[in-house]
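Peer 1: Sharing a sequence plus its predicted fold:
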Amino acid sequence: MKQKVVLFGNNSFTDLVRYFIEAESEYEISGYFVDRNYLLGSNFCNRPIVSTEDLILAFPPQEHKIALSIGYRGMNRLRNRIYFELKTLGYSFATFISPSAKIYTNDIGEGNLIFSNVTIEPYSQVGIGNIIRSNAYISHNAVLGNFNYISPSACIAGNVKIGDNTFIGANSTIRNSLTIGDFSLIGAGCFLSRNSNNNEVHVAPKSVKLEKNSDEIEI
């Protein structure tokens, strides 16, 4: 018998998570939920959707797990909040790992979504409630905290330690043996070569449009 899950959200990212869970897992999606202010109807993706306040009546924790299909909004604070609110109501959380992902560690917490072609090397640790998007690479002995968002094709080198609620942008690279504090933002395409303190923002150099026949371009 398939384990029943309920997804949080009613947007395109929720639909993306739905697609992968249905295509690549043994979970059965029972429905969806959102905070009452965001409830726009009674159905989403051909299944019932209810408010968070009505969740326990519609989808009781004895029969359903929660999939944290919530993106990086507010530096992942929403995913963090929903996890602890529902934990107190007795819910457990589904971890989805794509069959194409290469996972060489068993030290992975609950509520993680790990997408296609992700690699996590030996001796690494992954906390709770993380989202790790397609083709991301987490090297050996890395430590990933809780409620982080790792974008597609990000590369995290060996012995890197990442705190909580951090965003790692697409195609970014974090050099080996660095420490990344909580609520850090590493922008797309960024190469990070030093530690990041809590709440720091790191971005790649701006792109420059080269005009035809330009002889001098200042970058």
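Peer 2: Looks like it came in fine. Numbering: from 1, shown residues only.

Peer 1: For stretch 136-148, list every residue counted as buried.
Peer 2: Within stretch 136-148, the residues scored as buried using 16 or more other Cβ atoms under 10 Å are 136-139, 141-148. Yep, even glycine has a C-beta here, placed from its N, CA and C like the rest.

Peer 1: And stretch 185-197, by the same measure?
Peer 2: Buried, per 16+ other Cβ under 10 Å, within stretch 185-197: 185-188, 190, 192, 196.

Peer 1: closest to residue 110 among the buried residues of stretch 136-148?
Peer 2: Nearest to residue 110 among the buried residues of stretch 136-148, counting by Cβ to Cβ, is residue 146 at 10.5 Å.

Peer 1: how about the nearest residue to the closest one once chain neighbours are set aside, what does it touch?
Peer 2: Leaving aside its sequence neighbours, residue 146 sits nearest to residue 127 (Cβ to Cβ, 6 or more residues apart in numbering; 4.0 Å). Contacts for residue 127 were tallied using Cβ atoms under 8 Å, 6 or more residues apart in numbering; they are 109, 144-148, 164.

Peer 1: could those residues be laid out in TSV, adding pLDDT, secondary structure and distance to residue 64?
Peer 2: Output for those, formatted as TSV (pLDDT from 0 to 100; DSSP: H, G, I helix; E, B strand; the rest coil; distance: Cβ to Cβ, whole Å):
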residue	pLDDT	secondary structure	distance to residue 64
109	98	coil	19
144	98	strand	26
145	98	coil	26
146	98	coil	22
147	98	coil	21
148	98	coil	25
164	98	coil	26
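
Peer 1: between these, which is closest to residue 48?
Peer 2: Looking across those and measuring by Cβ to Cβ, the closest to residue 48 is residue 147, at 26.9 Å.

Peer 1: In this model residue 76 seems to touch that closest one, though I could be wrong.
Peer 2: Yes - contact between residue 147 and residue 76 holds when scored by Cβ atoms under 8 Å: they sit 4.4 Å apart.

Peer 1: And the furthest pair within the buried residues of stretch 185-197?
Peer 2: Maximum distance among those (Cβ to Cβ): 15.6 Å, for 188 and 196.

Peer 1: partners of the longest strand seen in the chain in the sheet?
Peer 2: When the chain is scanned for its longest strand (criterion: DSSP state E), the result is strand 28-34. The strands beside strand 28-34 in its sheet (DSSP bridges) come out as strand 4-8 (parallel), strand 47-51 (parallel).

Peer 1: Buried residues of the first one, list them for me.
Peer 2: Burial within strand 4-8, assessed by neighbour count using 16+ other Cβ under 10 Å, is assigned to 5-8.

Peer 1: Using a markdown table, lay out those residues together with distance to residue 205.
Peer 2: Shown next, in a markdown table, are these (distance: Cβ to Cβ, whole Å):
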| residue | distance to residue 205 |
| --- | --- |
| 5 | 42 |
| 6 | 43 |
| 7 | 38 |
| 8 | 36 |
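
Peer 1: Using TSV, lay out these together with distance to residue 81 and pLDDT.
Peer 2: Below are these laid out as TSV (distance: Cβ to Cβ, whole Å; pLDDT from 0 to 100):
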residue	distance to residue 81	pLDDT
5	19	98
6	16	98
7	16	98
8	11	96
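
Peer 1: That'll do, ta.
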